[in-house]
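> got a predicted model here, sequence first, then my questions.
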Amino acid sequence: MDRTSVGTAVLGAGPAGLTAAYVLALRGQEGAVFEADAVVGGLAKTVEFGGYRFDLGGHRFFTKLAPIERLWRSMLGEDFLTRPRLSRIYYQGRYLRYPLVARDVVGRLGLLESTLCALSYFWTKIKRPPEPVTFEDWVTSRFGRRLYHSFFQSYTEKVWGIPGTEIQSAWAAQRIKNFSFWRAMLGLVGLRRNVTTLIEEFQYPRLGPGQMWDAFRCFVEERGIPVNLSQRCVSIRHAQGCVESIVLRSNGRDTEVPVDAVLSSIPLSELVLSLDPPPPPEVVEAARGLRYRDFVLVALITSDPEPFPDNWIYLHDPETKAGRVQNFGAWSESMVVPDTTCLGVEYFCFEGDEIWELRDDETVELAAAELARIGLIDPAHVLGGVKVRVPKAYPMYDLRYGDRVEVLRRYLADFENLQTFGRNGLHRYNNQDHSMWTAILATLNLLDGTSYDVWSVNTEAAYLEEGEIVDELLDVELVA
């Protein structure tokens, strides 16, 4: 190895990047982590403000991947709490349990609307629509067109900023839990019991998700892998299918660092566009075509310790710009000042949108007014707040994303010492555990020459962690 090399460079210090560094550390490999932000955790970091700690979106720790659960528990011990779960949807002035329970949804719609939705559902089944291509196709084929328009359409377009006809069906298959309208209707007349599929509890770090990733950082640094913050990778220099160095930018200064290999969890488009020499024009075009949804979080401090009991509420109200609200005191009492709480009001947007550009104090006022209007808080109890802008929060599943990702995937496959993984690294809306699993597979591919398919993780039609797992990896002892 070149003595000036840092070994394997890990790009990004979110859950995926730090998990890759963890595997390197367990294997005794040389490496270094480089993160553009000033803190670790990526989208799963914890922000501190005025004695409060809050999460960028609410990161529930739940998995069916045994090695990942063992790893979480080994990192935090007693600080890895088991929390009761309550999440609901605010819809037409009422609350529905979430994940969706069919009987609850039908009951809230009312008899007339339920009947019309049921007729629409049965009509869809009779017609037998073709294989769904778009989000609208997928939901309509399973729930009927009327339920799509009355329930799913407005919220989905609020989240993604584009019509359901421009979103690929893959996103719906990955994120929406199915329920049967027929079983719901039987349940309403007492002929069939409704089976609840709610997950009643989950795990969560006492001080927020950032506590987990701080623990990962300590683990890898104690084993010789430094985590360098405020250092953005702006160029990846390569020759003959092999990465030779990376260029890092910090405080306006660029530094070239020789490397043996690169493990990347940064956005897939950024990775490809940073390659030097650049890829062929069609690959560059595909990378530039990938889209992301940005995000604004307003943390409201309120003197009411429990304005509502939920961990989070989805706001399916078209008149409310916010899409979701978190109650961080319900996630962990240690994140808030006693006898108060912190609410996270979430706005889905594109960088440059009105909500993104709105002055911080005006955005705080807007969030407080919106929650007050729908009866969630008393505005007189609001003590203050802060606005946080989060770019590239969610990979978008527009109609061309799959073809574009495939172009990039084929091109990157020719690099012998470059692996991409994680939510943004694969341009896939994965949860933390799936992102960590892809990091483990990618790192093993690099170190052992294996060929685990990181792109296939969490591609099953049903949401949750029920896809086939590589059997031999389930027995790998990841905890040192």
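Good, I have the coordinates.

> drop to CA atoms for contacts and neighbour counts, all remaining ones
Fine.

> counting contacts, what elements does whichever strand or helix holds V407 pack onto?
Following DSSP states H and E, one finds V407 within helix 401-412. Packing partners of helix 401-412 (3 or more C-alpha pairs under 8 Å, 6 or more residues apart in numbering; DSSP states H and E): helix 281-289.

> give me that answer again for 10 Å
Where contact means 3 or more C-alpha pairs under 10 Å, 6 or more residues apart in numbering; DSSP states H and E, helix 401-412 is packed against helix 268-273, helix 281-289, strand 418-420, helix 422-426.

> contacting residues for T156?
135-136, 162-164, 167, 172, 316, 323 (C-alpha atoms under 10 Å, 6 or more residues apart in numbering).

> coming back round to it: how about the helices and strands packed on helix 401-412 in CSV, adding mean neighbour count and distance to T255?
Formatted as CSV, these follow (neighbours: other C-alpha atoms under 10 Å; distance: least, C-alpha to C-alpha, whole Å):
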stretch, mean neighbour count, distance to T255
helix 268-273, 21, 17
helix 281-289, 17, 24
strand 418-420, 24, 20
helix 422-426, 27, 23
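
> closest to R217 out of these?
helix 422-426 (17.2 Å; C-alpha to C-alpha).

> isn't Y397 up against A173?
No - counting by C-alpha atoms under 10 Å, Y397 stays clear of A173, with 11.6 Å between them.

> got any residues that touch both of the two?
Listed as contacting both Y397 and A173 by C-alpha under 10 Å, 6+ apart are F135.

> who's more crowded, the two?
Between Y397 and A173, Y397 has the larger neighbour count (other C-alpha atoms under 10 Å), namely 25 against 18.

> what ranges do the helices span in the stretch 301-450 of the chain?
328-331, 354-357, 360-373, 401-412, 422-426, 432-448 (DSSP state H, counting those that start in this stretch).

> next, format those helices as CSV and append distance to D294.
Converted to CSV, the helices of the stretch 301-450 of the chain look like this (distance: least, C-alpha to C-alpha, whole Å):
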stretch, distance to D294
helix 328-331, 21
helix 354-357, 9
helix 360-373, 16
helix 401-412, 17
helix 422-426, 13
helix 432-448, 18
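
> so, low pLDDT: which residues of the stretch 101-250 of the chain?
Low-confidence segments of the stretch 101-250 of the chain (pLDDT under 70): 101-103, 105-106, 177-199.

> quick one, what contacts the most centrally placed residue in the chain?
Nearest to the centroid of the C-alpha atoms of the chain, with distances taken as C-alpha atoms, centre = their mean, sits N431, at 5.2 Å. For N431, the contact set (C-alpha under 10 Å, 6+ apart) comprises 15, 59-63, 422-423, 437, 458, 464-465.

> so which of those wins on neighbours?
Ranked by neighbours (other C-alpha under 10 Å), the contacts of N431 are led by G422, which has 35 neighbours.

> run a quick neighbour tally on the residue nearest to that one when sequence neighbours are not counted.
Once flanking residues are discounted, G422 sits nearest to S435: 4.3 Å by C-alpha to C-alpha, 6 or more residues apart in numbering. Neighbour count for S435, taken as other C-alpha under 10 Å: 27.
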